[in-house]
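> Okay, here's the prediction I keep looking at, along with the sequence it came from:
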Amino acid sequence: MRLSKIYTRKGDDGNTSLGGQRLPKNHPLVETLGTVDELNCAVGLILAFGIADKTLSEKLTQVQQNLFNLGGELAEPRFQALNEKQVTELEQAINGWNQTLPPLKEFLLPRGTPATVACHLARTICRRAERNLVELHQAQPLKNISLLHYLNRLSDFLFVAARIVAQQHHCDETLWDHHPQNS
């Protein structure tokens, strides 16, 4: 598919063509695709900060490819690119990196270096994409349930990525103080 014409004016009425049909731009499928696209941009933002860890940078680049594939599957259900292999790859990365991190006893505040915060922002967008996908799945069951598994695991991956980036920048993590001082 070649993108030679950027605008067509066909969407000016609030509808878009997707999978051979016209859908309103607020349809759950369109909303999910938009959020996955936003997530992909957020992962690109993480990379724009210059991730020193080559393995993490490569994994984030693969995540971007997988997110495009996920969108492709949603837009064209006959296309299938993701499966449990990609979910397992995320789990293996999480498990390996988590062994190098200090255990958590509290929730973390999403702060630190710009790259760390970008990881946390991507994680929250990922959770929204997952909620959108669940809503879509409830309305019309997905042909590939691995898409739900992938987004669920990806948010965990992005959380651990934030911790790895903070560690590599010698940035202290700020724990949530769930016992606020009385004023």
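Arrived safely, thanks for sending. Just so you know, these numbers come straight off a predicted model, no measurement behind them.
> Does the residue nearest to the spatial centre of the chain lie in a helix or a strand, and which?
Nearest to the mean C-alpha position of the chain, by C-alpha atoms, centre = their mean, lies residue 126 at 3.8 Å. Following DSSP states H and E, the helix or strand that holds residue 126 is helix 114-139.
> List the buried residues of that helix.
For helix 114-139, a neighbour-count test (16 or more other C-beta atoms under 10 Å) marks 115-123, 125-130, 132-134, 136 as buried. In this view, the C-beta of every residue, glycine as well, is placed from N, C-alpha and C.
> Over to stretch 158-168?
Neighbour-count burial for stretch 158-168, counted by 16+ other C-beta under 10 Å, picks out 158-167.
> Secondary structure, distance to residue 145 and pLDDT added to the residues you listed, as TSV?
Output for these, formatted as TSV (DSSP: H, G, I helix; E, B strand; the rest coil; distance: C-beta to C-beta, whole Å; pLDDT from 0 to 100):
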residue	secondary structure	distance to residue 145	pLDDT
158	helix	21	98
159	helix	22	93
160	helix	23	94
161	helix	24	96
162	helix	27	93
163	helix	28	91
164	helix	29	93
165	helix	31	92
166	helix	33	87
167	helix	34	85
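> hey, where'd the helices end up in the chain?
Taking DSSP state H to define them, one finds helices in the chain at 28-48, 54-75, 84-98, 114-139, 146-168.
> any chance of those in TSV, with distance to residue 180 too?
Shown next, in TSV, are the helices of the chain (distance: least, C-beta to C-beta, whole Å):
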stretch	distance to residue 180
helix 28-48	30
helix 54-75	34
helix 84-98	29
helix 114-139	21
helix 146-168	24
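> closest one to residue 106 among those helices?
Among these, helix 146-168 comes nearest to residue 106, with 13.1 Å by C-beta to C-beta.
> centre of the chain versus that closest one, how much separation?
Put simply, helix 146-168 sits 8 Å off its chain's centre (C-alpha atoms, centre = their mean, to the nearest Å).
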